[in-house]
Every structure is written in structure tokens, then in C-alpha cells.
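Student: I need the structure of the sequence given here:
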Amino acid sequence: MIEKKYQFTISENKTIEKVVEDDYVAINHIILTKGDVVPEHFSNSNVYLIVVRGIATLKFNTQDEHIYHAGSILNVPYKTKMNVSNQHDEVMEFFVFKAPSPKNFKEE
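Tutor: Presented below is the predicted three-dimensional model:
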């Protein structure tokens, strides 16, 4: 086989997992139930958030919170402070793509 297969969790429960981490990209998969949060942190590469289920509440740097529905793709620049939470009843699920992988990211 030429391809490499990766798995991610299918669940209704809080999940934070690294799915891929190689020289080119890092992909994380996150599921949050109502009231769950991702600890505040700064982006460590060029980040793309893809909301695939539910409603994500996000705050970047000092901006006001915004909500993003399933089907949204957000580009978050390097060194941006991020707050991610689920403040809604529906389970929220998203993927985080970091390109290049943080282990090979070179600050310009």
C-alpha cells in the first residue's frame, strides 16, 4: 500500500487526540460536550480549524467571542491566543490542522 491510514475517535464524549504528527502537518481531533473547553494556548504554527459538528465558541487574542457552525473553516495565524469552548447543548467536534508541523515551523 502506498497510503498510510490514520484513525480518529467517533464519540459523544470529550476527546482530545493527536491523529497525525509528521514533518509536514499535525492534525488534532477534538470533541467537546456542553461546558467543555480547550485550555487557553497560543497557536504554534499556521492553524486551520475545521468545525464538523455542533457550534464552536472561539475567542482570539482580545477579540470578542464568536460562534462558528459546522462547515466553518478558520485560519488562525501563528502566535494567536486561542480560547475554544462548547457553550451549546449539541456536541461540538472539530479538527485542527497545523501546517507546517510545529516541530518544523520556522518563524519568519
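
Student: surely residue 48 touches residue 96?
Tutor: Yes: under the criterion of Cβ atoms under 8 Å, residue 48 makes contact with residue 96 at 7.4 Å. For every residue, glycine as well, the C-beta is placed using N, CA and C.

Student: for this structure, what spans make up the helices?
Tutor: Under the criterion DSSP state H, the chain carries no helices.

Student: and the residue nearest the centre of it, what does it touch?
Tutor: The residue lying closest to the centre of the chain (Cα atoms, centre = their mean) is residue 96, at 3.2 Å. By Cβ atoms under 8 Å, 6 or more residues apart in numbering, the contact set of residue 96 is 26-30, 47-50.

Student: tell me the contacts of the nearest residue to residue 76 once chain neighbours are set aside?
Tutor: Counting by Cβ to Cβ, 6 or more residues apart in numbering, residue 47 is the residue found nearest to residue 76 once chain neighbours are left out, at 4.1 Å. By Cβ under 8 Å, 6+ apart, residue 47 lies in contact with 75-78, 80, 82, 96-98.

Student: show me which of these are buried.
Tutor: 76, 82, 96-98 (16 or more other Cβ atoms under 10 Å).

Student: could you work out the most separated pair of these?
Tutor: Maximum pairwise distance in these, criterion Cβ to Cβ, is 14.0 Å, between 82 and 97.

Student: pLDDT weak spots in this structure?
Tutor: 108 (pLDDT under 70).

Student: do a quick rundown of the strands in it.
Tutor: Assigned strands in the chain, in chain order: 15-21, 26-32, 37-42, 47-53, 55-60, 66-69, 73-76, 81-85, 92-98 (criterion: DSSP state E).

Student: dump those strands to CSV, plus distance to residue 106.
Tutor: As requested, the strands of the chain are exported to CSV (distance: least, Cβ to Cβ, whole Å):
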stretch, distance to residue 106
strand 15-21, 17
strand 26-32, 15
strand 37-42, 17
strand 47-53, 16
strand 55-60, 23
strand 66-69, 29
strand 73-76, 18
strand 81-85, 21
strand 92-98, 13
